[in-house]
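Below: sequence and its predicted model.
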Amino acid sequence: MKNFLTTLLLSVMAVTAQAADKETITIIYGFSASDNSANYSRNLADVANKAQDKYHFVFDVRPGAGQVIAFNYVKNTPNTIFMTSGAYWLRPNFYPKESYDVNEFRSIMTLCSVPFAIASAKYANWSEVPTNKRLTIATSGLGIVSHLVALEFQKKYPNSVVVPYKSTTDAVLGTVSGQTDFVVGFVGDQEKWATENSKVKLHILGTTGQKPSGKYQTLASQGFPADLAKMNTPYTYMIPSGFNNEKSIEIRKILVEAEKAQSVRNSYALDYCAPFQIPENQLKSWWDEQNVFWSKLTVGVKLEQ
């Protein structure tokens, strides 16, 4: 037993010493660490750490205020990367005084594009949903993509009310516990509650996007507004515009290669997140296109529910 403990201690000390010799780069996520999408970066960091010995990549979260806390942390903390989605371009349009300037960051690489799903523990299919009754739909906040999906839901069910939570995980738990009738979130987070053995079963009723996600039909094909077909959200890594360019190129090369690993792609697959990688010389134009697209979706949208 003593020999085992000694060996274990020496192993831990060796790993710690190796990490200390490397320059630490922290990937910051603005929502809950329990979100399924957090595993994208956990797995990617693990692969990247095994592939080289210059940088030590770690994953951390700074949830709250629709990513504003995470944004400000990365902005003011050297050697940090911001893991974000389409929500990045939405928040400032809804909260211009309590948000951030999107132009302060730039994309270093893209990851994957993920559909949102609407699920319910109360209704097993759309034919059961009343049109003349007050309904509630949970989102992971206001002024983000899940909120916009909920607003499209409201167009078909005008008596519905949006209920914001701090994360997609919290929103799912709110629906599972009966606090809300529906939830907008990621398929991977919802499928944990969608098995026949679940004590409280979630019914995944449809997703955003133009094509079905596995066995789940699109919302647009089921009579919901056509804009939902365009509302899959891209995940991307961003860095402050002043980040050392030579270092950012080096880090991007490491992460792009690590992102190809099967463990990373498997974590994408749990959410039906389709991998895509924009070439480095096209990232600026892609960033500009995303800024225009997501900003247009906010035109005429009011946050009052």
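That came through fine. Fair warning: this is a prediction, and the values are worked out from it, not measured in the lab.

switch to C-alpha atoms for all contacts and neighbour counts from now on
Fine.

Would you mind writing the CA trace of the host helix or strand of Val58 as CSV?
According to DSSP states H and E, Val58 maps onto strand 55-61. Extracted C-alpha coordinates of strand 55-61, given in CSV (Å, rounded to 0.1, in the frame of the first residue of the first chain):
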residue,chain,number,x,y,z
TYR,A,55,1.8,24.9,-24.0
HIS,A,56,-0.5,23.4,-21.3
PHE,A,57,-4.1,23.9,-22.2
VAL,A,58,-6.8,24.0,-19.5
PHE,A,59,-10.6,24.5,-19.6
ASP,A,60,-12.5,26.8,-17.2
VAL,A,61,-15.8,28.6,-16.9
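
Give me the next element, helix or strand, following it.
helix 68-76.

quick one, that following helix and strand 55-61 angle?
Note on geometry: by axes from the mean of the first three to the mean of the last three C-alpha atoms, to 10 degrees, helix 68-76 and strand 55-61 are set 150 degrees apart in direction.

Wait, Leu255 touches Lys50, no?
No: look at Leu255 against Lys50 with C-alpha atoms under 8 Å: they stay out of range, at 11.5 Å.

still on that earlier bit, could you give the mean pLDDT of the strand holding Val58?
The predicted model gives strand 55-61 an average pLDDT of 98.

returning to what we had before: which one's more surrounded, Leu255 and Lys50?
Neighbours per residue (other C-alpha atoms under 10 Å) separate Leu255 from Lys50, with Leu255 holding more: 23 against 11.

which element is the residue lying closest to the more buried one once chain neighbours are set aside on?
Nearest in space to Leu255, with sequence neighbours left out and distances taken as C-alpha to C-alpha, 6 or more residues apart in numbering, is Ala48 at 6.2 Å. Here Ala48 is covered by helix 38-51, with elements defined by DSSP H and E.

for that helix, packing partners?
Contact analysis of helix 38-51 by 3 or more C-alpha pairs under 8 Å, 6 or more residues apart in numbering; DSSP states H and E lists strand 55-61, helix 245-258, helix 262-269 as its packing neighbours.

Buried residues in that helix, which are they?
Taking 16 or more other C-alpha atoms under 10 Å as the basis for neighbour counts, the residues of helix 38-51 that come out buried are 38-49.

pLDDT (mean, whole number) over it?
What helix 38-51 shows for mean pLDDT is 97.

Kindly report the same for stretch 192-209.
Across stretch 192-209, the per-residue pLDDT values average to 91.

Begin at 880, not 1, for the rest of this chat.
Sounds good: first residue 880 from here, last item stretch 1071-1088.

Now tell me what touches that stretch from outside.
Residues outside stretch 1071-1088 that contact it (C-alpha atoms under 8 Å, 6 or more residues apart in numbering) are 994-1005, 1055, 1066, 1069-1070, 1092, 1095-1099, 1107-1111.

Out of those residues, list just those in helices.
When the contacts of stretch 1071-1088 are checked against helices (DSSP state H), the matches are 1055, 1066, 1069-1070.

right, and the pair among those residues with maximum separation?
When the ones in helices among the contacts of stretch 1071-1088 are compared pair by pair using C-alpha to C-alpha, the farthest-apart members prove to be Val1055 and Val1066, with a separation of 14.4 Å.

Please state the offset of stretch 1032-1045 from the chain centre?
Taking the mean of its C-alpha atoms, stretch 1032-1045 sits 20 Å from the chain's own mean (C-alpha atoms, centre = their mean, to the nearest Å).

Over to stretch 908-924?
Relative to the mean C-alpha coordinate of its chain, stretch 908-924 is positioned 8 Å out (C-alpha atoms, centre = their mean).

Just the CA trace of it, in CSV.
Included here for stretch 908-924 are C-alpha records, laid out as CSV according to Å, rounded to 0.1, in the frame of the first residue of the first chain:
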residue,chain,number,x,y,z
TYR,A,908,-16.5,29.2,-21.5
GLY,A,909,-19.3,31.6,-20.5
PHE,A,910,-21.9,29.1,-19.4
SER,A,911,-22.2,26.1,-17.1
ALA,A,912,-19.4,23.6,-16.8
SER,A,913,-22.0,20.8,-16.9
ASP,A,914,-23.2,21.8,-20.4
ASN,A,915,-22.5,19.0,-22.9
SER,A,916,-20.7,21.5,-25.1
ALA,A,917,-18.1,22.1,-22.4
ASN,A,918,-16.8,18.7,-23.3
TYR,A,919,-15.7,19.9,-26.7
SER,A,920,-13.0,22.0,-25.1
ARG,A,921,-12.1,19.5,-22.3
ASN,A,922,-11.4,16.8,-24.9
LEU,A,923,-9.6,19.2,-27.3
ALA,A,924,-7.3,20.5,-24.5
